[in-house]
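Undergrad: Sequence plus predicted model, see below.
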Amino acid sequence: MKLSLYLLFFLLSPYESVPYDSIQDLYDTEYQYEEMDNYISEELQVSRTPAFISRPLKILENEGSTLRLPCFVDNLDGFVLLWRKNNTIIAVGDQVIDSFEERIHLEKKSGGNYLVIKQASPTDEAEYVCSVSAFMKTEIRHNVRIRVKPVIHTSPRQSLVLQEGD
């Protein structure tokens, strides 16, 4: 009985299209419909896709340093940020997926967060993408390169002495 009332309620609700210039416009629309001699009013808010405030970065850092990758939008209300490293999800919302990786954490701020990577190593070299959970594909890409100290090996290991003319 509940299911049939639900369906009847849904089917009797008038569909009203909202004109818009862009899918990113913001609308507050009130709907009114009649159900069993009662008037019901609902407010529907359609939010525009957030725009990024932070800019894409190309970072070259030394091994062992701390990386802070920004992901900030102008209006995060109702949306979730998702971080990927080379197309593998590493964080959703405020949670880092790999809880065993203690070097990586999120630093939450108003309007977004920083992906913080401590003690950067060559395995952290990648493309990091922060995206917004929205209908339209909205993302920012950071490219990270890690510079390592060169290791020089000499051969032979002991000193080599040459006399003039040898």
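TA: Yep, it's here.
Undergrad: Next, the spatially most central residue of the chain: secondary structure please.
TA: Centroid-nearest residue in the chain, with CA atoms, centre = their mean: Cys130, separated by 2.7 Å. Cys130 falls in the strand class when you classify it by DSSP: H, G, I helix; E, B strand; the rest coil.
Undergrad: Please apply the same query to Asp77.
TA: At Asp77 the chain is in coil, as set by three-state DSSP.
Undergrad: same question, Glu102
TA: coil.
Undergrad: Start the count at 4 instead of 1 going forward.
TA: Will do, 4 is the new start, and the previous item becomes Glu105.
Undergrad: all strands for the protein, in order.
TA: 30-38, 41-49, 61-65, 70-75, 84-88, 91-95, 98-99, 107-112, 115-120, 129-135, 142-150 (DSSP state E).
Undergrad: In a markdown table: the ones you listed, plus distance to Glu167.
TA: Backbone N, C-alpha and C define where each C-beta goes, glycine included. What follows is those, written out as a markdown table (distance: least, CB to CB, whole Å):
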| stretch | distance to Glu167 |
| --- | --- |
| strand 30-38 | 89 |
| strand 41-49 | 87 |
| strand 61-65 | 42 |
| strand 70-75 | 53 |
| strand 84-88 | 57 |
| strand 91-95 | 60 |
| strand 98-99 | 64 |
| strand 107-112 | 58 |
| strand 115-120 | 54 |
| strand 129-135 | 53 |
| strand 142-150 | 41 |
